[in-house]
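> Give the three-dimensional model of this entry:
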Amino acid sequence: MEQLKVQGMSSFTKFATNGKMLKLKDAVAGEQRISLQEATDIQVSMLDEDHSRFTIFGQSHPLVELTLPHHSCEVLHAWLLHKLKRQKIKLASNA
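Numbers count the residues shown, from 1 in each chain. From the prediction side, this is the model:
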């Protein structure tokens with residue numbers, strides 16, 4: 001699994017993916033595993049001057065919601081879209 005670390009609100013958040021599964025580790029949220037094949041959309045929405053919300057949506061509810069600094073959200077978004085593209089996984093919003 002390829003890994004990425006981004007600066008979170010109170011801790012570093014570590015992400016790992018093989019393109020089909022996302023594993024995230026965070027001091028606050030703990031460890032979660034999310035099937036990226038269930039993802040329908042990935043969005044970054046601005047919260048304030050310093051932070052954005054990174055959300056991975058499923059069919060009926062968000063699979064992941066994280067508040068991160070703007071730059072971390074942008075890096076995570078680009079990294080994850082690249083991994084999905086390499087695995088030829090299309091999100092419903094991009095199909």
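
> pLDDT score for the residue of the chain most remote from its centre?
No residue in the chain sits farther from the centre than Glu49, which is 20.3 Å out by Cα atoms, centre = their mean. For Glu49, the pLDDT comes out at 91.

> repeat for Ser72
With respect to pLDDT, Ser72 scores 90.

> Ok, Ala95 next?
51.

> what's near enough to touch the closest residue to Gly58 other than its chain neighbours?
Closest residue to Gly58 in three dimensions, ignoring its sequence neighbours and counting by Cβ to Cβ, 6 or more residues apart in numbering: Glu38, at 5.0 Å. (C-beta placed from N, C-alpha, C; glycine too.) Residues in contact with Glu38 (Cβ atoms under 8 Å, 6 or more residues apart in numbering) are Gly58, Gln59, Leu63.

> What's the per-residue pLDDT of the last one here?
Same thing as Leu63. pLDDT at Leu63 comes out at 89.

> Helix or strand: which one has it?
Per DSSP states H and E, Leu63 falls inside strand 62-69.

> Where do the helices of this structure begin and end?
Using DSSP state H, the helices of the chain run over 70-86.

> For the closest residue to Ser72 other than its chain neighbours, give the beta-bridge partners.
Closest residue to Ser72 apart from its sequence neighbours, by Cβ to Cβ, 6+ apart: Val6 at 3.8 Å. Beta bridges link Val6 to Thr13, judged by DSSP bridges.

> Val6: neighbouring residues, count only.
Close neighbours of Val6, defined as other Cβ atoms under 10 Å, add up to 21.

> just Phe15 next, same as before
21.

> Please apply the same query to Gln43.
15.

> I'd assumed Phe57 was in contact with it.
Yes: assessed by Cβ atoms under 8 Å, Gln43 is found in contact with Phe57 at 7.1 Å.

> hang on, the earlier thing: now list the buried members of the contacts of Glu38.
For the contacts of Glu38, a burial check counting by 16 or more other Cβ atoms under 10 Å picks out Leu63.

> Relative to Val28, which of the contacts of Glu38 is nearest.
Among the contacts of Glu38, Leu63 lies closest to Val28 (Cβ to Cβ), at 16.9 Å.
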